[in-house]
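**Q** Generate coordinates for the sequence data below:
(2 chains)
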2 protein chains.
Amino acid sequence: MNALGKHLLLELKDCDPSTLDDTELLRDALLSAAREVGATIVGESFHRFQPHGISGVVIIAESHLCIHTWPEHKYAAVDIFTCGDEFNPEDAASLVIQRLGAHDPWLMEVKRGIFGYGR
Amino acid sequence: MNALGKHLLLELKDCDPSTLDDTELLRDALLSAAREVGATIVGESFHRFQPHGISGVVIIAESHLCIHTWPEHKYAAVDIFTCGDEFNPEDAASLVIQRLGAHDPWLMEVKRGIFGYGR
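**A** Predicted structure coming up:
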């Protein structure tokens, strides 16, 4: 079914806790995943909260990668939104899962912007 | 059911097309929605593509608001991720829907980071 975008929601429990409060590591994880799958990076914003937890986003020409971490729960919520067929967002998801050492990851794919039916 | 975050996915078809290719309007729409519900803005990144379409994100202390627009389809994909109970993300969603003049919006809420069951 044709859709303008694919949106992957990743629930990452039991991550390696040393990764989740390290802004540079998470920034590199998202930027590297974007680069390795061939995405074009156009913007980014990362922020570390007190006492812990990081939020970050990388805007790519093909949409975005976002992360929010709760180190105290060894948990990260990641979402990867892509449009076009130039790369597979699941490849980027796999790279992020590996980098965070997430055990038993959960992933949902939501098709966004479905057109061409009815009317 | 307790969850660390609430993630709203908005499918906005039949938007006012004059809004979807206007970076300043979309930036103001997201920032204003965040401010009006009492969120704390900590970062932002907006990018306009050629020949049209905008991607933008506002990072808030309570997580994020993202938008991707396809003016040629009068369509925007928005997602609003919040943590904590300090404000209701649906209020921010309503403000964005109004600002974009979206008819017949569709919204899905996904609870993110559910803990406290089993183990």
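**Q** residues in chain A within reach of chain B, list them.
**A** Proximity of chain A to chain B (CB under 8 Å from any CB of the partner chain) is limited to residues A:4-5, A:7, A:9, A:11, A:42-47, A:49, A:55-57, A:59, A:61, A:63-64, A:66, A:68, A:70, A:73, A:75, A:77, A:79, A:81, A:83, A:108, A:110, A:112-113, A:115. Where C-beta positions appear, they are placed from N, C-alpha and C, glycine not excepted.
**Q** Mark which of these are buried, thanks.
**A** A:4-5, A:7, A:9, A:11, A:42-47, A:55-57, A:59, A:61, A:63-64, A:66, A:68, A:70, A:73, A:75, A:77, A:79, A:81, A:83, A:110, A:112-113 (16 or more other CB atoms under 10 Å in any protein chain shown).
**Q** what residues does stretch A:43-54 touch?
**A** Residues from elsewhere that reach stretch A:43-54, judged by CB atoms under 8 Å, 6 or more residues apart in numbering or on different chains: A:20-23, A:26-27, A:30-31, A:55-59, A:67-72, B:42-47, B:57, B:59, B:61.
**Q** try it again with 6 Å
**A** Contact with stretch A:43-54 is made by A:21, A:23, A:26-27, A:55-59, A:69-71, B:42-43, B:45, B:47, B:59, as judged by CB atoms under 6 Å, 6 or more residues apart in numbering or on different chains.
**Q** so how far does that stretch reach from one end to the other?
**A** Distance across stretch A:43-54, first residue to last, is 17 Å (CA to CA, to the nearest Å).
**Q** for chain A, what spans make up the strands?
**A** A:5-12, A:41-48, A:54-60, A:63-70, A:75-83, A:106-112 (DSSP state E).
**Q** Take these and write them to JSON lines, including distance to A:Leu95.
**A** As requested, the strands of chain A are exported to JSON lines (distance: least, CB to CB, whole Å):
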{"stretch": "strand A:5-12", "distance to A:Leu95": "11"}
{"stretch": "strand A:41-48", "distance to A:Leu95": "14"}
{"stretch": "strand A:54-60", "distance to A:Leu95": "13"}
{"stretch": "strand A:63-70", "distance to A:Leu95": "10"}
{"stretch": "strand A:75-83", "distance to A:Leu95": "10"}
{"stretch": "strand A:106-112", "distance to A:Leu95": "13"}
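**Q** Export those as a markdown table, with columns for mean pLDDT and distance to B:Leu95.
**A** Converted to a markdown table, the strands of chain A look like this (pLDDT from 0 to 100; distance: least, CB to CB, whole Å):
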| stretch | mean pLDDT | distance to B:Leu95 |
| --- | --- | --- |
| strand A:5-12 | 97 | 22 |
| strand A:41-48 | 92 | 21 |
| strand A:54-60 | 93 | 20 |
| strand A:63-70 | 96 | 20 |
| strand A:75-83 | 96 | 21 |
| strand A:106-112 | 96 | 20 |
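**Q** Quick one: closest of the ones you listed to A:Ala92.
**A** Relative to A:Ala92, the nearest member of these by CB to CB is strand A:75-83, separated by 5.4 Å.
**Q** That closest one: partners in the sheet, and parallel or antiparallel?
**A** The strands that strand A:75-83 pairs with in its sheet are strand A:5-12 (antiparallel), strand A:63-70 (antiparallel) (by DSSP bridges).
**Q** tilt between that strand and strand B:3-12?
**A** Note on geometry: by axes from the mean of the first three to the mean of the last three CA atoms, to 10 degrees, strand A:75-83 and strand B:3-12 are set 10 degrees apart in direction.
**Q** now stretch A:100-119, how far from the chain's geometric center?
**A** The gap between the average C-alpha position of stretch A:100-119 and the chain average comes to 12 Å, counting by CA atoms, centre = their mean, to the nearest Å.
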